[in-house]
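Chemist: What would the 3D arrangement of this be:
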Amino acid sequence: MSDIIDKPEKPLDDDCCGGGACAPCVWDHFYEQLSVYRKQQRAIAAAEQADIPQEQAK
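Modeler: Coordinates of the predicted model:
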C-alpha cells in the first residue's frame, strides 16, 4: 500500500475567498484529499478484516 496519509484538516474560514472564482477552490482540494483518505481507511479496514497484511492489500 502507498504511504498512509493523515486526515486532511478543513481550510480555515479565511483560507477561502468565498467568491466562487477560484479553480480549484481550497474546498475542492480538501474534499479531494478527504476522499483519498477515506478510501485508504476503507482499504486498511478491509485488509484488517480479511487478516491480510497491508503490504498485500494494494
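
Chemist: which residues of this structure fall in strands?
Modeler: Taking DSSP state E as the criterion, the chain contains no strands.

Chemist: Give me the below-cutoff pLDDT ranges for this structure.
Modeler: 1-2, 52-58 (pLDDT under 70).

Chemist: would you list every one of the helices in it?
Modeler: 26-49 (DSSP state H).

Chemist: Now residue 15: closest residue in space that isn't a chain neighbour?
Modeler: residue 26 (4.8 Å; Cβ to Cβ, 6 or more residues apart in numbering). In short, each C-beta sits where N, CA and C put it, glycine included.

Chemist: mind listing what the one you found touches?
Modeler: Applying Cβ atoms under 8 Å, 6 or more residues apart in numbering to residue 26 gives the contacts 11, 15, 16.

Chemist: Among those, find me the one that's closest to residue 40.
Modeler: Of all the contacts of residue 26, residue 11 has the smallest distance to residue 40: 20.5 Å, by Cβ to Cβ.

Chemist: how close does the closest residue to that closest one other than its chain neighbours sit to residue 5?
Modeler: Nearest residue to residue 11, sequence neighbours excluded (Cβ to Cβ, 6+ apart): residue 26, at 4.3 Å. As for residue 26, its distance to residue 5 is 17 Å (criterion: Cβ to Cβ, to the nearest Å).

Chemist: Thank you, goodbye.
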